[in-house]
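Chemist: Provided below are the primary sequence and the corresponding predicted coordinates.
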Amino acid sequence: MLPKQKKSKMRTRTRRSHQRLTPVNYSVCPKCDHAKLPHAACDNCGYLNPDITLKLGKEESS
């Protein structure tokens, strides 16, 4: 069956308004000032909190 009436653009967009993408929330590493995810270790220096710093192994390039 076909629709009885055309749905307006506003009605369609209002219905889909909750399907949008949410932006990624970044924070700044206090040690090296690079962007990192909150509550996660820094990818650059391995800093997590003042008591914990992870030792990151550098990848060898061939």
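Modeler: Thanks, I have it.
Chemist: just the strands in this protein please.
Modeler: Remark: strands assigned in the chain by DSSP state E are 27-28, 35-36, 47-49, 52-53.
Chemist: figure out which of the ones you listed is closest to Lys9.
Modeler: Go through the strands of the chain one by one with CB to CB and the one that ends up closest to Lys9 is strand 35-36, at 36.6 Å. Yep, even glycine has a C-beta here, placed from its N, CA and C like the rest.
Chemist: check the offset of the closest one from the chain's centre.
Modeler: In terms of CA atoms, centre = their mean, to the nearest Å, the centre of strand 35-36 is found 10 Å from the chain centre.
Chemist: so what strands line up beside it?
Modeler: Under the criterion DSSP bridges, strand 35-36 sits next to strand 27-28 (antiparallel) in its sheet.
Chemist: state the mean pLDDT of the partner strand.
Modeler: Per-residue pLDDT values over strand 27-28 give a mean of 92.
Chemist: ok, for the residue nearest to the spatial centre of the chain, nearest residue in space, not its chain neighbours?
Modeler: A centroid search over the chain (CA atoms, centre = their mean) returns Val24, at 2.6 Å, as the residue closest to the centre. Using CB to CB, 6 or more residues apart in numbering and skipping residues adjacent in sequence, the residue nearest Val24 is Leu37, 7.8 Å away.
Chemist: I'd say the one you found and Tyr26 touch.
Modeler: Yes - under the criterion of CB atoms under 8 Å, Leu37 lies in contact with Tyr26, with a separation of 6.7 Å.
Chemist: okay, now the unreliable bits of the protein?
Modeler: Across the chain, the ranges flagged by pLDDT under 70 are 58-62.
Chemist: switch to 80 and redo it
Modeler: Applying pLDDT under 80 to the chain flags residues 50-62.
Chemist: can you give me the helices for it?
Modeler: Per DSSP state H, the chain carries helices over the ranges 9-15.
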